[in-house]
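**Student:** Next come a sequence and a model predicted from it.
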Amino acid sequence: MNDFKFHTVESAPAESKAILEGAEKQMGRIPGLYSVMAESPNILQAYTQLHQQFTSSSFDAEELTVVWQTINVEHECHYCVPAHTGIAHSMKVDPALTEALRNRQPMPTAKLQALQDLTLSMVRNRGNVEPAELEVFYAAGYEQKQVLEIILGLSQKVISNYVNHVAKTPVDKMFEQFAW
């Protein structure tokens, strides 16, 4: 049986309630991903903390979007690709970049391409990247700090992508227009 519970503030375990209330206050509703994760307060807290840490990393809005969407697309996450398309729009990321990511097309700049290439290599090779890949990344203007921040973003996306796969989380209404 694969019926995951989608919690409301009222039905959630006590340790998840504050996060759900905060999400509802900030977004006007509880995202489906949060309502599933609420069953395990630990995963909900870990995910929201990773999100906060990644969004406060050295990456700008375009770079955050490249890391998130590269992982989402590679993992074929039916929920996160549309959600991060909407998030990218709210962060004023060029829609052409978002569409290129959704459609596995080349990035508009060499620097963003280097970021996408290393992120994709990290995912596909489970972190076992070649020294030459790192050199290309560094030559594009990135540093070791950003290698580690890709891993941070990947940690966040593994949680959400995998939860959405196993729970079959429906895409939230506010992101349905970005279905993938």
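**Tutor:** Noted; the coordinates are in hand.

**Student:** nearest residue to Arg104 other than its sequence neighbours?
**Tutor:** Spatially, and ignoring its direct neighbours in sequence, Arg104 is nearest to Val73 (6.4 Å; C-beta to C-beta, 6 or more residues apart in numbering). C-betas here are computed from N, CA, C, even on glycine.

**Student:** What are the neighbouring residues in contact with the one you found?
**Tutor:** If you count contacts by C-beta atoms under 8 Å, 6 or more residues apart in numbering, Val73 has them with 81, 101-102, 104.

**Student:** try Glu149
**Tutor:** For Glu149, the contacting residues are 54, 57-59, 67, taking C-beta under 8 Å, 6+ apart as the criterion.

**Student:** so which pair among those is furthest apart in space?
**Tutor:** The two members of the contacts of Glu149 with the most space between them (C-beta to C-beta) are Ser58 and Val67, at 11.6 Å.

**Student:** rewinding a little: with the contacts of Glu149 in mind, which one is nearest to Ala167?
**Tutor:** Closest approach between those and Ala167, by C-beta to C-beta: Phe54, at 21.7 Å.

**Student:** and that closest one, how many neighbours does it have?
**Tutor:** Neighbouring residues of Phe54 were enumerated by other C-beta atoms under 10 Å; the total is 20.

**Student:** now Asn42
**Tutor:** For Asn42, using other C-beta under 10 Å, the count is 10.

**Student:** for the helix or strand it falls within, packing partners?
**Tutor:** Counting by DSSP states H and E, the secondary-structure element that holds Asn42 is helix 41-55. Under the contact criterion of 3 or more C-beta pairs under 8 Å, 6 or more residues apart in numbering; DSSP states H and E, helix 41-55 touches helix 14-27, helix 32-37, helix 61-74, helix 144-167.

**Student:** any chance of the ones you listed in a markdown table, plus mean pLDDT and distance to Lys111?
**Tutor:** Shown next, in a markdown table, are the helices and strands packed on helix 41-55 (pLDDT from 0 to 100; distance: least, C-beta to C-beta, whole Å):
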| stretch | mean pLDDT | distance to Lys111 |
| --- | --- | --- |
| helix 14-27 | 96 | 31 |
| helix 32-37 | 98 | 30 |
| helix 61-74 | 98 | 9 |
| helix 144-167 | 98 | 11 |
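
**Student:** would CSV of those with distance to Gln113 be doable?
**Tutor:** Written out in CSV, the entries for the helices and strands packed on helix 41-55 read as follows (distance: least, C-beta to C-beta, whole Å):
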stretch, distance to Gln113
helix 14-27, 32
helix 32-37, 29
helix 61-74, 9
helix 144-167, 14
